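Asks: Next input, structure requested:
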Amino acid sequence: MIKVFNLIGGTIGAINRFITMFGITVGVALAFVNVVARYVFDYSLTWASELTVYLFLWGMFFGAAYCFKIDGHISIGLLVENVSKKLAKYIMLFTRIVTFSYLSVVAYYGYQYLMFVIELDEMSIDLEIPMWIPYLVIPVSFGFGAYRVAEHIVSLIGTPAEEIRIKSETEELMDDAQIKKVVEEANRKTGGML
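Replies: Residues are numbered from 1 along each chain as shown. So this is what the prediction gives:
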């Protein structure tokens with residue numbers, strides 16, 4: 001059973017990373033090409049602006065879903081840093097349940113809206129594609145985010161309170177500084193080959 005969840009988690013992670021990377025990279029490249037075409041050649045790709053917006057939306061939404069995997073969203077750790085480990089675990093569990101509920105509700109109503117848009121057979125103006133394609137980002141990315149938060153909830157429930165590691169902002173900055181030192185040292189020793 002754990003292999004199935006690892007496979008699902010790995011697949012969702014790969015999809016999130018690919019769509020994020022593709023959406024942002026292609027969106028930036030397309031916006032650059034359109035600006036050059038407009039100002040250098042006095043020609044504009046009329047569909048490029050709309051596609052750029054959709055690419056950025058997909059990239060950002062899937063990037064946000066990926067951040068739930070690495071616990072990379074902004075959080076206020078001041079409260080959990082200053083209470084007992086057991087109370088901190090309950091607070092963390094509560095916040096993750098609220099987050100899971102929110103993401104699930106948005107994914108559900110995003111799906112409902114998607115079905116409505118499919119029923120209307122709405123088309124985009126410039127690209128002339130069905131609007132359900134851009135709107136698909138809402139239920140899928142929020143569903144992926146909800147799955148990731150559910151993984152954290154299960155992990156948190158199974159972890160004894162004493163083993164939960166709560167990092168302060170200072171500790172996170174120190175970890176980043178230590179990583180930079182290791183990379184700098186490796187680059188120095190390898191002549192920048194790393």
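
Asks: Tell me which helix or strand the residue nearest to the spatial centre of the chain sits in.
Replies: For the chain, the residue sitting closest to the mean C-alpha position, by CA atoms, centre = their mean, is Ala64 at 2.2 Å. Assigned by DSSP states H and E, Ala64 belongs to helix 48-69.

Asks: how about the residue nearest to Phe62 when sequence neighbours are not counted, secondary structure?
Replies: Leaving aside its chain neighbours, Phe62 sits nearest to Ile19 (4.1 Å; criterion: CB to CB, 6 or more residues apart in numbering). Every C-beta, even on glycine, is put in place using the N, C-alpha and C of the backbone. Three-state call for Ile19 (DSSP: H, G, I helix; E, B strand; the rest coil): helix.

Asks: go on, Arg165?
Replies: Following three-state DSSP, we place Arg165 in the coil state.

Asks: Tell me how many other residues surround it.
Replies: By the criterion of other CB atoms under 10 Å, Arg165 has 7 neighbours.

Asks: Please apply the same query to Glu119.
Replies: Glu119: 9 neighbours (other CB under 10 Å).

Asks: distance of it from Met131?
Replies: Going from Glu119 to Met131 by CB to CB, to the nearest Å gives 11 Å.

Asks: Got the confidence number for the residue nearest to the centre of the chain?
Replies: At Ala64, the model reports a pLDDT of 86.

Asks: Ser141 is in contact with that one, correct?
Replies: Yes. Between Ala64 and Ser141 there is a contact under CB atoms under 8 Å: 7.0 Å.

Asks: what ranges do the helices span in this protein?
Replies: 2-40, 48-69, 78-81, 85-120, 132-135, 137-158, 169-190 (DSSP state H).

Asks: quick one: contacts of the second one?
Replies: Identification of contacts with helix 48-69 by CB atoms under 8 Å, 6 or more residues apart in numbering yields 9, 12-13, 15-17, 19-24, 26-27, 30-31, 33-34, 72-73, 124-127, 134, 137-138, 141-142, 144-145, 148-149, 151-152.

Asks: gap between Val28 and Leu45?
Replies: Taking CB to CB, one finds Val28 at 15 Å from Leu45.

Asks: And Phe18, by the same measure?
Replies: Distance of Phe18 to Leu45, given as CB to CB: 24 Å.
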